[in-house]
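Undergrad: just need the structure, nothing else, for what follows:
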Amino acid sequence: MSDLLATIPDQYLLQDKAPAPRTLWDVVRASAAQYPEAAAIDDGEILTYAELIQDVEAWAADLRQHGVMRGDHIGIRMSSGQRDLYLAILATLAAGAAYVPVDADDPDERAEMVFGEAGINGIFTDEGFRKLNHSTGVDQDEPHLEDTAWIIFTSGSTGKPKGVAVTHRSAAAFVDAEAALFLQDNPLGPEDRVLAGLSVAFDASCEEMWLAWGHGACLVPAPRALVRSGMDLGPWLIRRDITVVSTVPTLAGLWPAEALDNVRLLIVGGEACSQELVNRLATSDREMWNTYGPTEATVVASAAMLQPDHPVSIGLPLNGWDLVVIDGEENPVRPG
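TA: The predicted structure is shown next:
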């Protein structure tokens, strides 16, 4: 295997360039320390980073009073478009537990399967938090690097859905590796407003959240029905001053180009991106990126900046990732 790896070009083997390890809770606290008065969430009312940390710590303390411990699994099934959904996620992380999301619109059968397979110890719903089962965790400390941050289930399109557990180390490495990619000439910061329009049960939602919270930018939740509506979303994006959008090509294809006039970073992933979409939405004033990565590889494994009339590619790996084609025995194959 080492001989075959030696034939892989260096630009596809970036494992050694992994960012310094930290947890997601470290990430959001670092942003709050740097930008305490910046907006962290805007669901119609602004919540600053200082207020966010205060609220999350209070929610996490409440979880611990309910007996939640580091290493527990907490179900999340809450309505989209509201801050409480994101406070629940962050409080779960701050308490050292893993969040297990199910879309509020999904059928009960899906929720029962996901929560049963994951063995949740408690659940957040729109009515609040409810403890369900005895804790299986280890202590009531803050999250450790190797603790699970989330368990997100695949769609099941190729068989039975399976839960993918991602550690804080891997999740934060993804956040920090992406930070080195986008908008290098004018990095993301407190003036940016990031659309939160994807289901939190879809791993790409993690990109939305942490594009905001990893840079001191503002997460702006939108109701799922609005995002799926196509034409109705355009005026909303303009009215809410959205500058960053991460979505799937199918949804981006529904939106009129003028809906993205204020958007300076557009990221697509999760399915194939067409050349027609790139020609329509990639402009000199807007970076457009194509991202690729199975859920098992922590959201995104590779990315490419897209330009009109240039071939669409999945690009090169993020810092910390290797990108290698393997055979049926999971051994690297030679280039070509």
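
Undergrad: what strands flank whichever helix or strand residue 290 is part of, and is each parallel or antiparallel?
TA: In this assignment (DSSP states H and E), residue 290 forms part of strand 287-292. Taking DSSP bridges as the criterion, strand 287-292 pairs within the sheet with strand 265-269 (parallel), strand 302-306 (antiparallel).

Undergrad: the last one: what's the following helix or strand?
TA: Meaning strand 302-306. The first helix or strand that comes after strand 302-306 along the chain, using DSSP H and E, is strand 316-317.

Undergrad: ranges for the helices of the protein?
TA: If you assign secondary structure with DSSP state H, the helices in the chain sit at 2-5, 24-34, 49-65, 83-94, 108-118, 168-179, 204-213, 224-228, 233-239, 249-252, 275-281.

Undergrad: these: which one's closest to residue 129?
TA: helix 49-65 (6.7 Å; CB to CB). Quick note: C-beta positions are derived from backbone N, CA and C, even for glycine.

Undergrad: so what's residue 73 up against?
TA: In this structure, residue 73 makes contact with 97, 98, 100, 118, 119, 120, 121, 136, 148, 151, judged by CB atoms under 8 Å, 6 or more residues apart in numbering.

Undergrad: run a quick neighbour tally on residue 264.
TA: When counting by other CB atoms under 10 Å, one arrives at 18 neighbours for residue 264.

Undergrad: quickly note the distance from it to residue 110.
TA: Residue 264 sits at a distance of 36 Å from residue 110 (criterion: CB to CB, to the nearest Å).

Undergrad: likewise residue 241?
TA: 35 Å.

Undergrad: cool, residue 269 as well?
TA: Relative to residue 110, and taking CB to CB, residue 269 is found at 23 Å.

Undergrad: which one of the two is surrounded by more residues?
TA: When neighbours are counted by other CB under 10 Å, residue 269 comes out ahead of the other of residue 269 and residue 110, with 22 against 18.

Undergrad: and the strands paired with strand 287-292, which is most packed in?
TA: Neighbour counts averaged per stretch over the strands paired with strand 287-292 are highest for strand 265-269, at a mean of 23; criterion: mean count of other CB atoms under 10 Å.

Undergrad: so residue 125 makes contact with residue 78?
TA: Yes: in this structure, residue 125 sits in contact with residue 78. The criterion is CB atoms under 8 Å, and the distance is 6.2 Å.

Undergrad: out of those two, which sits in the busier spot?
TA: Comparing residue 125 with residue 78 by other CB under 10 Å, the one with more neighbours is residue 78, at 24 against 14.

Undergrad: phi, psi for the more buried one please.
TA: Geometry field for residue 78 lists phi and psi as phi -130, psi 160, criterion degrees, to the nearest 10.

Undergrad: any idea how far it is from residue 200?
TA: Going from residue 78 to residue 200 by CB to CB gives 8 Å.

Undergrad: before we move on, back to that, among the strands paired with strand 287-292, which comes closest to residue 4?
TA: Residue 4 sits nearest to strand 302-306 of all those, at 19.6 Å, using CB to CB.

Undergrad: what bits of the stretch 101-250 of the chain have low per-residue confidence?
TA: 157, 230 (pLDDT under 70).

Undergrad: per-residue confidence for the closest residue to residue 4 other than its chain neighbours?
TA: The spatial neighbour of residue 4 that comes closest, neighbours along the chain excluded (CB to CB, 6 or more residues apart in numbering), is residue 332 at 4.3 Å. Model confidence at residue 332, expressed as pLDDT, equals 87.

Undergrad: count of neighbours near residue 72?
TA: Residues near residue 72, counting by other CB under 10 Å, number 25.

Undergrad: isn't it right next to residue 135, touching?
TA: Yes: under the contact definition of CB under 8 Å, residue 72 touches residue 135, with a separation of 5.5 Å.

Undergrad: which residues are in contact with both of these two?
TA: Common neighbours of residue 72 and residue 135 (CB under 8 Å, 6+ apart) are residue 121.

Undergrad: and the residue positioned nearest the centre of the chain, how far from residue 298?
TA: Within the chain, the residue whose C-alpha comes closest to the C-alpha centroid is residue 206; the distance, by CA atoms, centre = their mean, is 1.1 Å. With distances defined as CB to CB, the gap from residue 206 to residue 298 amounts to 9 Å.

Undergrad: find residues that contact each of those two.
TA: 171, 174.

Undergrad: and the nearest residue to residue 50 once chain neighbours are set aside, how many neighbours?
TA: Nearest residue to residue 50 in three dimensions, chain neighbours excluded: residue 36, at 4.0 Å (CB to CB, 6+ apart). Residues within reach of residue 36, counting by other CB under 10 Å, total 15.

Undergrad: so who does residue 36 touch?
TA: By CB under 8 Å, 6+ apart, the contact set of residue 36 is 48, 49, 50.

Undergrad: among those residues, name the buried ones.
TA: Burial by neighbour count, judged by 16 or more other CB atoms under 10 Å, picks out 48, 49 from the contacts of residue 36.

Undergrad: of all the contacts of residue 36, which comes closest to residue 285?
TA: When the contacts of residue 36 are compared for distance to residue 285 (CB to CB), residue 49 wins out at 27.9 Å.
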